[in-house]
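Student: Give me a 3D structure for the following:
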Amino acid sequence: MRSRMLFTVVAYVAGAVMAWAVYCIEVTVVYAGLLVTALLAGTDPGGPLAGPLMVLWAAAAGAFLTIIVLFPAVLISRAARPVSWPAALALAAALLALLTTTSDLATDPTTTWVVLAAASATPLTVYCAIVSVVTRRPAEQPPADDWLFASQS
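Tutor: Take a look at the predicted model:
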């Protein structure tokens, strides 16, 4: 029982780390797209630190969102065993709405919510997939010696 609980904790931590990594990958892809667009348009591609600083900012924001939004959403939605992705998505959207309306993240909370929700959909999907696959219980299997009792009847 104790090893099963430890295994579940490890699954949640691994899911959180992978979700955080997806935030960093998303920003890297977006920056590459912006860089290609700037080069094709013949405009200034920005300074040499633009890409690394965007990834650093995404790493910090991703860690915050993973801890404050994604982890509770996956944990609470796990009540619908296995992890219910639609329930986790709805809960994460509600937590993001609460976060953006009660803080001074931006002058327009609706736009901030849309951007954060769009950026969090893929990490949330990865998190749900890892937790549901790793913590899935195997189907009931008959005992290995069942054939013994079947031949004696």
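Student: show me where pLDDT drops low in the protein?
Tutor: 1, 79-85, 101-107, 136-153 (pLDDT under 70).
Student: let's see it at 50
Tutor: 140-141, 146-153 (pLDDT under 50).
Student: For the biggest helix by length in the chain, buried residues please.
Tutor: In the chain, with assignment by DSSP state H, the single longest helix is helix 2-41. Across helix 2-41, burial judged by 16 or more other CB atoms under 10 Å covers 11-12, 15-16, 19-20, 22-24, 26-27, 31. All C-beta atoms are positioned from the backbone trio N, CA, C, and that covers glycine.
Student: check contacts around residue 126.
Tutor: Taking CB atoms under 8 Å, 6 or more residues apart in numbering, we find residue 126 in contact with 15, 18-19, 22.
Student: Pick out the most distant pair among these.
Tutor: 15 and 22 (10.6 Å; CB to CB).
Student: what's the neighbour count on residue 53?
Tutor: Using other CB atoms under 10 Å, the number of residues around residue 53 comes to 13.
Student: For it, give me its contacts.
Tutor: By CB under 8 Å, 6+ apart, the contact list for residue 53 is empty.
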